[in-house]
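In: 3D, please:
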Amino acid sequence: MNKRIYMAELPAFDAAQYLDSEASIVAYLNGILETNDASLLAAALGEIVRARGMNEIAMSAGITREALYNALLPGSAPCFDTLNRICAALGLRFVAYPIHV
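Out: Numbers count the residues shown, from 1 in each chain. Predicted structure coming up:
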């Protein structure tokens, strides 16, 4: 007999626990960037920041922990300067490539 598994019984997926190397972070972020979804980008950066440590990244980015948290909530629309500062604190930067390569 097969036991039924209900979605509500499954634990929530937390990407942060899998973002344990620079390579995994870059691959994850590149995949998110391909979606062209700004709110998804903010949420993904939030997961990366949680994986690296919210307090440390906030201090390095020169913003408060609360401002960092609010900027990276799903559905938020942080300004480019904030995203750039967060990426710099993470040791990352946005790079443009031609679409048709």
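In: where along the chain do the helices fall?
Out: With helices called from DSSP state H, the chain shows them at 22-33, 38-52, 54-61, 65-71, 80-90.
In: These: which one's closest to Tyr97?
Out: Closest to Tyr97 of these is helix 22-33 (CB to CB; 10.4 Å). To be clear about C-beta, it is placed using only N, CA and C from the backbone, and glycine gets the same treatment.
In: In contact with the closest residue to Asn55 other than its chain neighbours: list those residues for me.
Out: Leaving aside its sequence neighbours, Asn55 sits nearest to Arg65 (CB to CB, 6 or more residues apart in numbering; 5.8 Å). The contact partners of Arg65, by CB atoms under 8 Å, 6 or more residues apart in numbering, come to Met54, Asn55, Ala58.
In: Quick check: Arg65 vs Val49, distance?
Out: From Arg65 across to Val49, the span is 10 Å (CB to CB, to the nearest Å).
In: Next: Ala43.
Out: Ala43 sits 11 Å away from Val49, going by CB to CB.
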